[in-house]
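In: turn this into a structure:
(one chain, ligands or ions: 1)
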Amino acid sequence: MATPQSSTRPTHQNPQPTFHDLFPAMAGKLGGEGLIDELCKGFELLMDGDKGVITFESLRRNASAVLGLGDLTDDDVRCMIDEGDFDRDGALNQMEFCVLMFRLSPDLMDASRFVVTEAIEEEFETLPEEALLKMSAPPKSGSPIITPNDLTEADGFVLGFPTRFGMMAAQFKAFLDATGGLWRTQALAGKPAGIFYSTGSQGGGQETTALTAITQLVHHGMIFVPIGYTFGAGMFEMEKVKGGSPYGAGTFAGDGSRQPTQLELEQAFHQGKYIATITKKLKVSTV
Ligand SMILES: Cc1cc2nc3c(=O)[nH]c(=O)nc-3n(C[C@H](O)[C@H](O)[C@H](O)COP(=O)(O)O)c2cc1C
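Out: Below is the predicted model:
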């Protein structure tokens with residue numbers, strides 16, 4: 001594998017080494033598939049042959065020869081493993097390594113966003129295709145996909161996810177687990193965030209889903225913005241089934257065929273506006 005040369009060592013403050021980045025040139029020469037093949041060869045050179053993954057020891061041993069990162073300290077190697085280790089098993093599998101290499105190459109990220117997007121989509125989808133089929137999971141939507149680093153561009157957030165056993169779905173958790181680098185630099189601290197959710201049934205965990213998700217915000221130092229009762233009369237609907245609560249907007253999926261009602265949509269719209277107002281106020285008061 002051709003070796004990008006490091007000019008800046010990664011640290012806990014700046015976990016991403018800055019390469020004299022050869023990846024865009026390699027991508028131009030080899031094409032998307034060729035580059036992935038090359039990365040896979042690099043993975044094999046770096047991995048622990050017995051375990052089939054890149055461990056701290058195997059990276060420490062081989063980083064200099066394969067990546068040209070001769071002066072890495074133990075801390076640097078730990079940072080690199082931490083940065084790429086989405087499933088938090090202490091090692092890098094092949095997909096984690098490829099995604100990490102893409103993320104270390106900002107120019108390549110810009111040039112080949114679709115390759116990265118596919119890789120990330122696969123990484124955060126924790127269920128095999130077969131299981132998704134059996135669950136009648138809907139086809140992938142055309143919505144844009146972001147990487148954890150894209151979060152730094154936003155002044156505020158409204159995070160939404162379906163419930164799995166009373167808390168956020170593992171796929172969303174996997175995305176948040178990949179924000180370790182942002183946590184280290186405190187890039188999200190002070191940013192406001194609201195939460196919205198979908199459960200299958202009433203009593204299926206609307207509030208617990210939001211409440212248990214607050215820990216994610218707390219660790220980043222983000223500010224949880226509930227809607228309280230600011231939605232007014234709609235909060236007291238007793239005749240018709242209605243999702244959502246003071247914690248945020250919500251809906252019920254039922255057997256998958258139920259769509260959000262007009263009132264639930266209005267509540268979600270209200271939440272967006274309400275959080276945008278708070279975000280604006282916070283932004284003005286910090287400049
Ligand atoms: C493994 C699993 C666990 C779930 N747990 C709950 C639950 O605790 N409470 C609930 O009301 N619905 C639960 N549901 C239903 C989903 O929350 C519901 O279908 C979801 O809101 C719609 O999103 P989906 O398209 O991801 O299924 C669960 C679904 C699955 C597949």
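In: quick one: contacts for the closest residue to the ligand within the stretch 101-250 of the chain?
Out: Per Cβ to the nearest ligand atom, Gly204 is where the stretch 101-250 of the chain lies closest to the ligand, at 1.8 Å. All C-beta spots, glycine's among them, are computed from the backbone N, C-alpha and C. By Cβ atoms under 8 Å, 6 or more residues apart in numbering, Gly204 lies in contact with Thr163, Gly166, Phe252.
In: ok, 7 Å please
Out: For Gly204, the contacting residues are Thr163, by Cβ atoms under 7 Å, 6 or more residues apart in numbering.
In: so it versus Ala249, what's the distance?
Out: Counting by Cβ to Cβ, to the nearest Å, the gap from Gly204 to Ala249 is 16 Å.
In: again, but for Thr152
Out: For Thr152, the distance to Ala249 - Cβ to Cβ - is 25 Å.
In: so between the two, which is more surrounded?
Out: Just comparing Thr152 and Ala249: by other Cβ atoms under 10 Å the higher neighbour count belongs to Ala249, 29 against 12.
In: which residues touch the more buried one?
Out: Phe196, Glu264, Gln267, Ala268, Gln271 are the contacts of Ala249 under Cβ under 7 Å, 6+ apart.
In: switch to 10 Å and redo it
Out: Shown in contact with Ala249 (Cβ atoms under 10 Å, 6 or more residues apart in numbering): 158, 160, 194-198, 206, 210, 227, 231, 243, 260, 264-272, 274.
In: and Gln171, backbone torsions?
Out: The phi/psi pair for Gln171 (degrees, to the nearest 10) reads phi -60, psi -40.
In: my guess is it meets Phe161, correct?
Out: Yes: Gln171 lies in contact with Phe161 (Cβ atoms under 10 Å); the separation is 8.1 Å.
In: give me the more crowded residue out of those two.
Out: Counting neighbours by other Cβ under 10 Å for Gln171 and for Phe161 shows that Phe161 has the greater number, 21 against 16.
In: and the more buried one, what pLDDT?
Out: pLDDT, Phe161: 97.
In: element containing it?
Out: Using DSSP states H and E, Phe161 sits within strand 157-164.
In: who touches the helix or strand just after that strand?
Out: Once the chain leaves strand 157-164, the next helix or strand it forms, by DSSP H and E, is strand 167-168. Under the criterion Cβ under 10 Å, 6+ apart, residues 159-162, 173, 175-176, 195, 197, 205, 208-213, 215-216 lie in contact with strand 167-168.
In: can you list which of those are found in strands?
Out: Among the contacts of strand 167-168, the ones falling in strands (DSSP state E) are Leu159, Gly160, Phe161, Pro162, Ile195, Tyr197.
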